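>>> 3D model of this:
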Amino acid sequence: MKKITFLLLAGCLSCLGSATAQDLAPVVNRSYQVKYMVPNDWQPTRHITDSLTLTHYLSPDRTMHLWVGQLRGTHSGLPPARALQRLLRHLGATHHREHNAIGHGLDYLESTGTCFVQGRELRYEARLAQHHGQMLVMYVYATPEEFNMQAPLLHQLLDSLTPVHHPVLGPRH
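Below you'll find the predicted structure:
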């Protein structure tokens, strides 16, 4: 009986794992000089405003969002802390924490917390980094429940942002 219960439990857990697993595809953005990973089935759309150039990736069930881009215009020269504050105000962030982080040679100013988009409470994680004279922006948001269930995937996406070095010049030292 214990063996049957164990096999049933193991089968259920393996089904859960495969349901949340995602096939990721690399995206190389030569103008930002970075690469990052995105689930194959997330649909991209481009957005350009007077202050941002972004690519928005939306999960098929429309519950998770990934945004990758850069500040532009007068906003591109803002210090990271001010740029982050403007982004958070745009997102309708209410409760957040800021801290510095380093990943793949990029120094980030990172914020996590709660925001409101179209009246819905969402959990977000945002990162800003200066790279080759550009202020890069990368953030994810989802409902609090979905964020908690998909946290490993969302962090994997955020952690995938990596500088791309010019092939002729090689890596920067």
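>>> hey, what's Thr53 bridged with?
Ile48, Gln70 (DSSP bridges).
>>> was I right about it contacting Val68?
No. The pair formed by Thr53 and Val68 falls short of the contact definition of C-beta atoms under 8 Å, at 9.8 Å. C-beta coordinates here come from the backbone N, C-alpha and C atoms, glycine included.
>>> those two: which has the busier surroundings?
Counting neighbours by other C-beta atoms under 10 Å for Thr53 and for Val68 shows that Val68 has the greater number, 25 against 19.
>>> contacting residues around the helix or strand where that one lies?
Secondary structure assigned from DSSP states H and E places Val68 in strand 64-71. Outside of strand 64-71, the residues within contact range by C-beta atoms under 8 Å, 6 or more residues apart in numbering are 27, 29, 32, 36, 38, 42, 47, 51-59, 76, 78, 83, 134-142, 146-147, 150, 154, 157, 161.
>>> just stretch 95-107 next, same as before
In this structure, residues lying in contact with stretch 95-107 by C-beta under 8 Å, 6+ apart are 81, 84, 88, 108-114, 127, 129-131, 136, 159, 161-163.
>>> start from the N-terminal end of the protein and give the strands.
For the chain, the strands defined by DSSP state E cover 24-29, 34-39, 43-48, 52-58, 64-71, 95-103, 106-117, 120-131, 134-142, 162-163.
>>> from Gly113, how far out is the spatially closest residue to Thr114 that is not a sequence neighbour?
Distances taken as C-beta to C-beta, 6 or more residues apart in numbering place His95 nearest to Thr114, at 4.8 Å, with adjacent residues excluded. Using C-beta to C-beta, to the nearest Å, we find His95 at a distance of 5 Å from Gly113.
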